[in-house]
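Q: Sharing a sequence plus its predicted fold:
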Amino acid sequence: MAINFDKVLGLHDDALRLRAERMKILASNLANVNTPGYQARDIDFAASLERALADGAGDAALALDDGAPELLYRVPHHPSQDGNTVELGVEQAEFSQNALDFQTSLTFIGMKLRGLAKVIEG
Amino acid sequence: MSFKSISQIAGSAMNAQSVRLNTIASNLANASTAASSEAEVYRARKPVFAAVYERAAFADGTLPGARVQVLDVVQSTEPVRQVYEPDNPLADENGIVFYPNVNPVAEMTDMMSAARAFETNVEVLQRVKTMQQALLKLGEG
């Protein structure tokens, strides 16, 4: 009975990759906080994972390989005169939340791997 | 993983913000540098930022980030201050001395905004560093 690493790790490895990609988008938003006309972007993380699950067999990799996740535009709470839709507070909150979620996925993977090591070592 | 491009994005933003701080310092330093004609007088300088999008490479599941580029540093077109100071050695034949169109209050607020944006990007770099370190420790212990 071979151990399937994809099954052991579940969604978490792809969630981790998605989190890292989202980190880049949020870092871009934070970097362009003073760029006139820059429109803040983000991905719908829940929808991306949901679509991955619907694709079957819990294979989240499909969501990333198919050209998804879709990049969306953030709707600002109040428009600014220079056309920039980055709101510093919102982006900072999303960024730290995303970093924490990354850490969570990482912890889950660590626990799974430790569990496997325990099974192997006995 | 996209950590390298995150560092590049944060680095480009820090670079752009320091160019901005540089122009602000130059504006404030020259806020009362008088001149004897409108052509010679110092004019407030402003950087122009633009977003540079990375090439979208969707095939491998990466998303395009956006770096910041300083397109140009332009001079303000606002009218310069003309002051009647006949005793000033720089006064022209009508006794007028020209002062820069620098608004110190606007420059100070601009400076706060630039410093804040710079700090934000330092935080981004720090956070990415801890994430990368946590990833390296995966499977240990």
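A: Sure thing, it's come through.

Q: Now the top helix by length along chain A: buried residues?
A: If you go by DSSP state H, chain A has its longest helix at helix A:88-121. Neighbour counts over helix A:88-121 (16 or more other Cβ atoms under 10 Å in any protein chain shown) mark A:90-92, A:94-95, A:98-99, A:101-103, A:105-106, A:108-110, A:112-113 as buried. Where C-beta positions appear, they are placed from N, C-alpha and C, glycine not excepted.

Q: Show the overlap between the residues you listed and what lies near chain B.
A: A:92, A:95, A:99, A:102-103, A:106, A:109-110, A:113 (Cβ under 8 Å from any Cβ of the partner chain).

Q: where's the dip in pLDDT among the residues you listed?
A: Among those, A:L113 carries the lowest pLDDT, at 88.

Q: Just give the closest residue to the residue nearest the centre of chain B, not the sequence neighbours.
A: Nearest to the geometric centre of chain B sits B:R20, at 1.7 Å (Cα atoms, centre = their mean). Take B:R20 and drop its neighbours on the chain: the residue closest to it by Cβ to Cβ, 6 or more residues apart in numbering or on different chains is B:A114, 4.6 Å away.

Q: Surely the one you found touches B:I24?
A: Yes - using Cβ atoms under 8 Å, B:A114 makes contact with B:I24 at a distance of 6.6 Å.

Q: Overlap of the contact sets of these two?
A: Both B:A114 and B:I24 lack any common contact, where contact means Cβ atoms under 8 Å, 6 or more residues apart in numbering or on different chains.

Q: More neighbours: these two, which one.
A: B:I24 (25 against 21; other Cβ atoms under 10 Å in any protein chain shown).

Q: residues contacting the more buried one?
A: Counted by Cβ under 8 Å, 6+ apart, B:I24 has contacts B:107, B:110-111, B:114.

Q: can you pick the most crowded of those?
A: B:A114 (21 neighbours).

Q: For that residue, give me the pLDDT.
A: 95.

Q: check contacts around it.
A: Residues near B:A114 by Cβ under 8 Å, 6+ apart: A:34, B:17, B:20-21, B:24.

Q: one step back: so which of the ones next to chain B among the buried residues of helix A:88-121 comes closest to B:S37?
A: Closest approach to B:S37 among these (Cβ to Cβ): A:Q92, at 47.4 Å.

Q: distance between the longest helix seen in chain B and the chain's centre?
A: Secondary structure of chain B per DSSP H: the longest helix is helix B:104-136. On the basis of Cα atoms, centre = their mean, to the nearest Å, helix B:104-136 sits 13 Å off its chain's mean C-alpha point.

Q: One more: stretch A:98-117?
A: On Cα atoms, centre = their mean, the centre of stretch A:98-117 falls 14 Å from that of its chain.

Q: Export that stretch to PDB, keeping only CA atoms.
A: Taking C-alpha atoms only, stretch A:98-117 is exported to PDB below (Å, rounded to 0.1, in the frame of the first residue of the first chain):
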ATOM      1  CA  ASN A  98      -3.000  36.400   3.900                       C
ATOM      2  CA  ALA A  99       0.300  36.000   5.600                       C
ATOM      3  CA  LEU A 100      -1.300  34.400   8.600                       C
ATOM      4  CA  ASP A 101      -3.300  32.100   6.400                       C
ATOM      5  CA  PHE A 102      -0.100  31.100   4.700                       C
ATOM      6  CA  GLN A 103       1.400  30.300   8.100                       C
ATOM      7  CA  THR A 104      -1.700  28.200   8.900                       C
ATOM      8  CA  SER A 105      -1.400  26.100   5.700                       C
ATOM      9  CA  LEU A 106       2.300  25.700   6.400                       C
ATOM     10  CA  THR A 107       1.500  24.500   9.900                       C
ATOM     11  CA  PHE A 108      -1.000  22.000   8.600                       C
ATOM     12  CA  ILE A 109       1.500  20.600   6.100                       C
ATOM     13  CA  GLY A 110       4.100  20.400   8.900                       C
ATOM     14  CA  MET A 111       1.700  18.400  11.100                       C
ATOM     15  CA  LYS A 112       0.800  16.000   8.200                       C
ATOM     16  CA  LEU A 113       4.500  15.400   7.500                       C
ATOM     17  CA  ARG A 114       5.200  14.800  11.200                       C
ATOM     18  CA  GLY A 115       2.400  12.400  11.300                       C
ATOM     19  CA  LEU A 116       3.800  10.500   8.300                       C
ATOM     20  CA  ALA A 117       7.200  10.400   9.900                       C
END
